[in-house]
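*Asks:* Take this sequence and fold it.
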Amino acid sequence: ERLTLIIMADQDLSPYTIPVDTPISKLDCLEAFLGLSEKEKLYAYHLSKASWEGALICLLQTSPESAGIFLLFQRVFGGQSLSSLRDIALNGCSLTEAEYNAILVYASAFYSNMGNYKSFGDTKFIPDISSDKFHSLITSCEAYKQDKQAIDNLWDIVSEKIYSLQPTERELGFKPEGITTYYSGNCNSEDAEFIKDFMTEKNISPYNTRLFKTEKDGKVEYEVRLASALITDDPYSESDTTAGILGNHRFKDTSVTVSRGDYAPLMKRINEELSKAKDVAANDNEVNMIENYIASFNTGSIDAHKNGSRYWIRNKGPIVETYIGFIESYRDPFGVRGEFEGFVAVVNKTMSRKFTKLVESAESLLTLLPWPKDFEKDKFLCPDFTSLDVVSFGSSGVPAGINIPNYDDIRQDEGFKNVSLGNVLSAAAQDKRVSFLAQEEQDLYVKLRTSAFEVQVGLHELLGHGSGKLFKQDESGQLNFDVSSVLNPVTNQKITSWYGANDTWDTVFSSLASSYEECRAECVGIYLCTNRDVLSIFGFEGSAADDILYVNWLNMVRSGLLGLEYYTPEISKWRQAHMQGRYVILRVLMECDGFVSIEEMTGNDGLPDLVVRLDRPKIETVGVTAIGEFLKKLQVFKSTADFTSAHALFSHYSSVSPEHLKLRDIVLKRKMPRRMLVQPHASIEEGEVKLTEFESSPCGIVQSFVTRFAVIDADLESLWSKDRKQWK
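*Replies:* From the prediction side, this is the model:
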């Protein structure tokens, strides 16, 4: 602990602590939930249970200590009421109210992020209270009296890591820049690249895997571990095709073992709840979807999960919507391994009608995008697009919108779904303070930003992530485009590169993929929001439409400035895909003479401040032209698997100049805490499904997790203990 304090002594800790005034909102879905039938409530309940059981996997995917902190907190906060714990803190430990609140704020942030690294930004956060004072509360609580040895053991293992801000532990990433548990502690990006080539050759998807490296007698050996309930290599059934790839392989004179059974007891618990949900499913598509998810989680087969996703796509307009699995690769430093997530939501019919109209117009809107028709999918597959009120979202964070599945072949040839999470948007709309805008812009911005963001989310998800074709060669050597006639509109030459049979967008673009794709989708959103037909779909005409358009563009350039918070200059690294993409857009628009400017000024508090200005009359001329040209390049490089050109383009606009580093200092000093959400809890009481809500406070978040999860979880503790040595 002394070492930890020395490390911290000369550091500004504000980037690594959670402000006590962090806003917290209730994720309100009670009205939507009460509108469900008893069968639908039961379906939602079991899917919620499955999602939260799976969310425990996020702890094991975040940091070596996250699962241990969770186990400690469940005992401490679950051993007595929070009011009695407060009494002990104030009267038994001589903590102040502020110090006790600091503990609760840290715990609520930890629970909200399912780990001790921010899900939005990937930086570590530590308690804003000394280790000694934190420990005094832990050793005074009721749980400590009941099992002193267990709590002492947990504290001894995690306490130093809770507070440590060693350079390799400040953010997620490969050593020496960060920490990651998708890979053993001795892995680096070269190891990830080597195994990517192996997995591409063997046609193994990385989504549900982790990578472990050992060295024996001077030779490197790798283990690729698949997530599954099964722990043996023996085939479970004739359909268990995963068994065929298990075992030892030789690749480039190196031993690579493919095994399964990662997170096995948690995968089993997920499947137990999915089996119960299947019994109350509304239709055959839902039954088939769940059966395939169960097969995937049982055997480790991504092909089974893809089949489940196919049935999910076919299940149009369900009352209760859900998706579950290893989905987004944002937090993998190599950009190919998926974090677990599961969500359950109820359709908001009023808002969904607007999105349905947008879908009906999508085919004509796609023709407006700035690339030739050869670069668009051969056939537009009309997707489902609904606005949902989230009941449960089990993962490290809750997004505002989703476009899934992420499997290239399904998206291109069979379709996808879009969802906008309405009650998440509503919660975010409660922020009244707005930084870096001129005073005369504030009222219009606050009034319209939620409506503008709904338009942006709709376009971003449906026509951003849902647009564009990947040029690909299949296993027979056949290309899905005419190489003799299709020209590259950037070079005006014939196409010379494309995806191989086993290539995917993620594997070719790896760590660049997420930020590049989010930037492309954001560009589509602001490019098409100037279309009055689009704005009319959302109910905006005339001057109201003009205002929405302006606020959406203003929000984008402001977000680009805010993105500087998520850049680490010491290692020239971006930590958040969306914010990097928005900064890139800001840079593109700042190249347009006099269109976007950032002015330094002195704020009302006498401290340095900034104002972003956007020349409103130029949006539909200068702005649209610039974004159109940039967007065309983004799409062409993506379509043609031209990683080299894409990397050069994106790196140019992602680079942060010394002048912008100075702006970053002001952004950091003016930053506002990111809102946390307290989710409800579904349970069965006296044979009926009930939804319990919690207060919008740190106490509410902590209580929700104590209610949701067991005080003692032997499965999680066993998994954590088994692999902990991999990061020592």
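
*Asks:* Read off the pLDDT value for residue 425.
*Replies:* Listed pLDDT for residue 425 reads 89.

*Asks:* could we number from 36 for the rest of this?
*Replies:* With 36 as the first residue, the last one maps to residue 460.

*Asks:* Quick check: closest non-adjacent residue to it.
*Replies:* residue 435 (5.5 Å; CB to CB, 6 or more residues apart in numbering). Quick note: C-beta positions are derived from backbone N, CA and C, even for glycine.

*Asks:* just checking, the one you found touches residue 488?
*Replies:* Yes. Residue 435 is in contact with residue 488 according to CB atoms under 8 Å; the separation is 7.3 Å.

*Asks:* ok, the two, which is more surrounded?
*Replies:* More neighbours surround residue 488 than the other of residue 435 and residue 488, with 22 against 19 (other CB atoms under 10 Å).

*Asks:* one step back: now for residue 435 and residue 488: what residues contact both?
*Replies:* 460, 463 (CB atoms under 8 Å, 6 or more residues apart in numbering).

*Asks:* what separates the residue nearest to residue 460 from residue 718, distance-wise?
*Replies:* Counting by CB to CB, to the nearest Å, the separation of residue 435 from residue 718 is 27 Å.

*Asks:* try residue 383
*Replies:* Separation of residue 383 from residue 718 (CB to CB): 23 Å.

*Asks:* Mind checking which of the two has more residues around it?
*Replies:* Higher neighbour count among residue 383 and residue 718: residue 383, with 20 against 15, using other CB under 10 Å.

*Asks:* which stretches of the chain have low pLDDT?
*Replies:* 36-46, 466-467 (pLDDT under 70).

*Asks:* quick one: contacts for the residue nearest to residue 460?
*Replies:* Applying CB under 8 Å, 6+ apart, the residues near residue 435 are 455-456, 459-460, 463, 488, 492.

*Asks:* what ranges do the strands span in the stretch 236-385 of the chain?
*Replies:* Secondary structure of the stretch 236-385 of the chain (DSSP state E, counting those that start in this stretch): strands at 244-251, 254-262, 282-286, 289-297, 355-363, 374-382.

*Asks:* Need those in JSON lines (columns: distance to residue 348).
*Replies:* Listed next are those as JSON lines, based on distance: least, CB to CB, whole Å:
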{"stretch": "strand 244-251", "distance to residue 348": "24"}
{"stretch": "strand 254-262", "distance to residue 348": "23"}
{"stretch": "strand 282-286", "distance to residue 348": "33"}
{"stretch": "strand 289-297", "distance to residue 348": "27"}
{"stretch": "strand 355-363", "distance to residue 348": "10"}
{"stretch": "strand 374-382", "distance to residue 348": "16"}
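
*Asks:* Of all the ones you listed, which one comes closest to residue 513?
*Replies:* strand 282-286 (27.1 Å; CB to CB).

*Asks:* Could I get the full set of helices for the stretch 386-535 of the chain?
*Replies:* Along the stretch 386-535 of the chain, counting by DSSP state H, counting those that start in this stretch, helices occupy 443-448, 457-463, 474-494.

*Asks:* just the stretch 36-185 of the chain next, same as before
*Replies:* With DSSP H, counting those that start in this stretch as the criterion, the stretch 36-185 of the chain has helices at 37-44, 65-69, 73-97, 101-113, 117-122, 132-148, 166-173, 177-181, 183-198.

*Asks:* Relative to residue 593, which of the ones you listed is closest?
*Replies:* Proximity to residue 593, assessed across those by CB to CB, is greatest for helix 132-148 (24.4 Å).

*Asks:* which secondary structure elements does the closest one contact?
*Replies:* helix 101-113, helix 166-173, strand 711-713, helix 733-743 (3 or more CB pairs under 8 Å, 6 or more residues apart in numbering; DSSP states H and E).
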